[in-house]
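Chemist: kindly return the folded structure for what I paste below:
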Amino acid sequence: MKKQYYFRELKTQIQLTIPIVLAQIFMTAMGFVDMVMTGYVSAMDMAAVALGSSIWVPLILFFQGILQALHPVISQWRGEGYTEHIGHVLRQGIWLATFLSLPLFFIAYILSFQMGKLGLEEQLADLSGQYLRAIAWGTPGFLYFVVIRCYFEGMAFMRPSMIGGFIGLLFNVPLNYIFIFGKCGLPALGGVGSGFATGIVYWVMFFVIFCYAMTLPDVRRFLSFKNWVEWIDKKTQWQLLRIGFPGALGVFFEVTSFAIIALLVAPLGVTIIAGHEIALNFSALLFMIPFSLAITATIRTGYSIGRHSYEMLHCVSFVSLSLGLFIALCSIIFILTLRYEIAGIYNNDVEVLKVATSLMIFTAINQCFEALQAITMGIIKGYKDTKTVFYITLFAYWFFAIPVGYILGRTNWFVEPMGVTGFWLALLGGLSLAGVLGLWRVTILEHKFYKKVSKGL
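Modeler: Numbering: from 1, shown residues only. Now for the predicted structure:
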């Protein structure tokens with residue numbers, strides 16, 4: 001394939017990825033604003049929001065992961081040129097979001113009454129439970145937003161996601177101010193008010209992206225009342241669940257593995273915990289880039305499969321991985337050069353900074369493997385092969401990283417206990433294992449697709 005095709009694909013992927021990164025930044029900034037504004041009320045309210053969010057975020061990521069089955073389905077139909085099928089999938093996606101909002105709401109609601117069983121102070125347990133019940137009312141709005149966002153992204157139109165996230169952030173600040181501090185005649189609700197504000201923001205984001213969609217003739221045709229009266233299609237619902245559920249479990253296993261390791265690090269002391277959290281938090285911020293590239297890889301892979309073009313598919317994989325690894329190398333240089341300054345933003349305690357800056361070296365090394373595993377998983381999802389994503393993440397994180405981290409960090413079975421360093425070595429091993437297995441699977445899938453196209457299937 002000629003060089004200009006690779007450069008054209010590179011330009012396309014950069015154009016698609018930048019709005020996704022910005023959308024992720026806006027969503028992350030909302031959580032940051034919540035923490036800062038509740039911190040002005042009291043440490044108790046801030047802790048309640050942090051604790052409630054630690055339960056809420058994995059839940060919504062799981063249910064969002066199910067709906068992200070729309071990415072490969074819509075992008076493949078777009079590649080084949082079947083626009084009517086896309087409209088059908090979009091409407092069925094909204095039905096699915098409606099069904100999923102019920103278990104998500106009730107799981108959050110039930111868990112909100114179980115906070116006291118975590119051994120928390122009574123007031124903290126009560127406030128964090130109220131926060132969960134408050135934010136849960138935004139469940140349908142958030143899932144509807146995800147459906148329409150996935151539709152636009154599957155159609156390679158990323159701007160609406162960015163606009164929705166930006167408008168959400170704009171509304172989040174004044175709504176937080178009103179509900180947290182009790183303005184406009186409302187009572188001051190503190191951290192619980194932040195939950196109500198975020199729930200309302202979810203609905204605002206949905207209405208913004210829905211209204212934007214209705215300004216576009218093609219989408220308006222799909223969502224008009226005449227076409228909207230479409231009953232549930234069991235076949236399409238099952239297809240979306242079959243693709244989405246394993247991928248969502250993969251996200252869940254990855255997210256919870258980091259949470260479990262944080263719990264295993266906890267007995268090592270406050271200083272170690274603080275240093276660990278600094279390195280982990282900054283790594284999570286940088287992960288927004290490979291995460292966004294992975295979404296782009298899913299969409300471009302699905303589109304290439306729909307076009308039945310092996311050359312395009314190979315080009316997409318090569319460019320995605322090359323771009324991801326190039327950005328990872330830039331991140332490594334950035335972290336190693338400025339790790340002391342980065343850690344200093346979070347904390348000024350000398351002992352904490354020693355731990356954080358030493359762990360930042362692992363954060364730097366992890367960048368390549370995080371990019372490799374994220375993008376290969378994104379490519380695999382483009383093939384709708386989400387079961388492989390599930391098996392790889394389960395094995396790499398739960399069967400490798402967690403037990404190996406415990407053995408290296410807390411036991412003397414093979415070496416003297418390495419403490420937090422052992423856990424980070426295990427995370428590095430888990431990420432590299434996931435990346436290598438993902439690359440191996442991508443190679444197999446690409447070869448199978450080549451044989452399929454060669455036979456004219």
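Chemist: quick one: the helices in the stretch 251-400 of the chain?
Modeler: With DSSP state H, counting those that start in this stretch as the criterion, the stretch 251-400 of the chain has helices at 270-286, 288-306, 310-346, 350-382, 386-393.
Chemist: other residues contacting the helix or strand that the last one is followed by?
Modeler: Right, helix 386-393. As assigned by DSSP states H and E, the chain's next helix or strand after helix 386-393 is helix 402-410. Applying C-beta atoms under 8 Å, 6 or more residues apart in numbering, the external contacts of helix 402-410 come out as 257, 260-261, 264-265, 267-268, 413-415, 417-423, 425-427, 429-430. The C-beta positions use only the backbone N, C-alpha and C, and glycine is treated the same way.
Chemist: quick check: residue 143 vs residue 197, distance?
Modeler: 18 Å (C-beta to C-beta, to the nearest Å).
Chemist: make that residue 345, sorry
Modeler: According to C-beta to C-beta, residue 345 stands 26 Å off from residue 197.
Chemist: what of residue 49?
Modeler: According to C-beta to C-beta, residue 49 and residue 197 sit 11 Å apart.
Chemist: for residue 269, same thing?
Modeler: From residue 269 across to residue 197, the span is 35 Å (C-beta to C-beta).
Chemist: likewise residue 454?
Modeler: Applying C-beta to C-beta, the value for residue 454 to residue 197 is 56 Å.
Chemist: who's more crowded, those two?
Modeler: Comparing residue 454 with residue 197 by other C-beta atoms under 10 Å, the one with more neighbours is residue 197, at 27 against 9.
Chemist: wait, what's in contact with the more buried one?
Modeler: Going by C-beta under 8 Å, 6+ apart, residue 197 touches 34, 172, 175-176, 178-180.
Chemist: per-domain residue ranges of this structure.
Modeler: Here the domain parsing of the chain from automatic domain parsing is 1-232, 244-457.
Chemist: adding mean pLDDT, write the ones you listed out as JSON lines.
Modeler: JSON lines is the format used below for the domains of the chain (pLDDT from 0 to 100):
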{"stretch": "domain 1-232", "mean pLDDT": "85"}
{"stretch": "domain 244-457", "mean pLDDT": "88"}
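Chemist: tabulate the ones you listed (JSON lines), appending distance to residue 238.
Modeler: JSON lines is the format used below for those (distance: least, C-beta to C-beta, whole Å):
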{"stretch": "domain 1-232", "distance to residue 238": "10"}
{"stretch": "domain 244-457", "distance to residue 238": "10"}
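Chemist: just the helices in the stretch 101-250 of the chain please.
Modeler: Along the stretch 101-250 of the chain, counting by DSSP H, counting those that start in this stretch, helices occupy 122-135, 139-154, 159-181, 191-214, 217-223, 225-228, 234-265.
Chemist: what's the closest of these to residue 104?
Modeler: Residue 104 sits nearest to helix 139-154 of all these, at 5.0 Å, using C-beta to C-beta.
Chemist: which parts of that closest one are buried?
Modeler: Using 16 or more other C-beta atoms under 10 Å as the test for burial, helix 139-154 gives 139-154.
Chemist: chain center to it: distance?
Modeler: 14 Å (C-alpha atoms, centre = their mean, to the nearest Å).
Chemist: the host helix or strand of residue 62 packs against which elements?
Modeler: Using DSSP H and E, the element containing residue 62 is helix 43-67. In terms of contacts (3 or more C-beta pairs under 8 Å, 6 or more residues apart in numbering; DSSP states H and E), helix 43-67 is packed against helix 3-39, helix 83-112, helix 122-135, helix 139-154, helix 191-214, helix 234-265.
Chemist: in that helix, what counts as buried?
Modeler: By neighbour count on 16+ other C-beta under 10 Å, the buried set for helix 43-67 is 44-53, 55-56, 59-60, 62-67.
Chemist: likewise for stretch 325-336?
Modeler: Buried residues in stretch 325-336, defined by neighbour count with 16+ other C-beta under 10 Å: 325, 327-328, 331-332, 335.
Chemist: how about those in a markdown table, adding distance to residue 206?
Modeler: As requested, the buried residues of stretch 325-336 are arranged in a markdown table below (distance: C-beta to C-beta, whole Å):
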| residue | distance to residue 206 |
| --- | --- |
| 325 | 36 |
| 327 | 31 |
| 328 | 34 |
| 331 | 33 |
| 332 | 38 |
| 335 | 37 |
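Chemist: about what we covered before: can you lay out the helices of the stretch 101-250 of the chain as TSV showing distance to residue 353?
Modeler: Below are the helices of the stretch 101-250 of the chain laid out as TSV (distance: least, C-beta to C-beta, whole Å):
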stretch	distance to residue 353
helix 122-135	28
helix 139-154	37
helix 159-181	31
helix 191-214	29
helix 217-223	51
helix 225-228	56
helix 234-265	17
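Chemist: looking at those, which is closest to residue 288?
Modeler: Proximity to residue 288 (C-beta to C-beta) singles out helix 159-181 among the helices of the stretch 101-250 of the chain, at 11.7 Å.
Chemist: the closest one vs helix 3-39, what angle?
Modeler: Calculated by axes from the mean of the first three to the mean of the last three C-alpha atoms, to 10 degrees, helix 159-181 forms an angle of 10 degrees with helix 3-39.
Chemist: so residue 162 touches residue 24, yeah?
Modeler: No: contact criterion C-beta atoms under 8 Å: residue 162 and residue 24 do not qualify, at 9.5 Å.
Chemist: any idea which helix or strand carries the residue nearest to residue 365 when sequence neighbours are not counted?
Modeler: Leaving aside its sequence neighbours, residue 365 sits nearest to residue 428 (C-beta to C-beta, 6 or more residues apart in numbering; 6.2 Å). Per DSSP H and E, residue 428 falls inside helix 420-454.
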